[in-house]
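A.B. asks: only geometry, no sequence info:
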């Protein structure tokens, strides 16, 4: 099992990227658990938002910490993903479903050993 740093860009908006660490099984799948990462949005200038990629009894999701939400009264929602179901490699696609039920497609552009 190797720990890798994955960079994926949104297909429709390549300036939006997700970067996360994760352990990869011998089969090439992300090991279930919690993995840290961040999203980069570059609309006017680059901004980073931390996230946790999680799979548990509630399903697989990205929990974005503060993205599109800045108060306790309006917390950020978890965004379901199918990344745990994929064999991770450069060029592979996965999706994230946003809070408006829109499916966002990401393509893995790099995977490098962490550390």
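C.D. replies: Yep, that arrived. Just so it is clear, the structure is predicted and the values come from calculations on it, not from any experiment. Residues are numbered from 1 along each chain as shown.
A.B. asks: okay, buried residues for the one helix or strand residue 8 maps to please.
C.D. replies: Using DSSP states H and E, residue 8 falls within strand 2-10. Across strand 2-10, burial judged by 16 or more other CB atoms under 10 Å covers 4, 6, 7, 8, 9, 10. (Glycine included, C-beta is placed from N, CA and C.)
A.B. asks: what sits up against stretch 85-95?
C.D. replies: Around stretch 85-95, the neighbours that count as contacts under CB atoms under 8 Å, 6 or more residues apart in numbering are 4, 6, 8, 11, 22, 24, 27-30, 60, 81-83, 103-111.
A.B. asks: between the buried residues of strand 2-10, which is closest to residue 115?
C.D. replies: residue 4 (9.8 Å; CB to CB).
A.B. asks: so the closest one makes contact with residue 110?
C.D. replies: No: applying CB atoms under 8 Å, one finds residue 4 not in contact with residue 110, separated by 9.4 Å.
A.B. asks: bridge partners for the spatially most central residue of the chain, pull those for me.
C.D. replies: The centroid of the chain falls nearest to residue 18 when counting by CA atoms, centre = their mean (5.2 Å). Counting by DSSP bridges, residue 18 is bridged to residue 8, residue 39.
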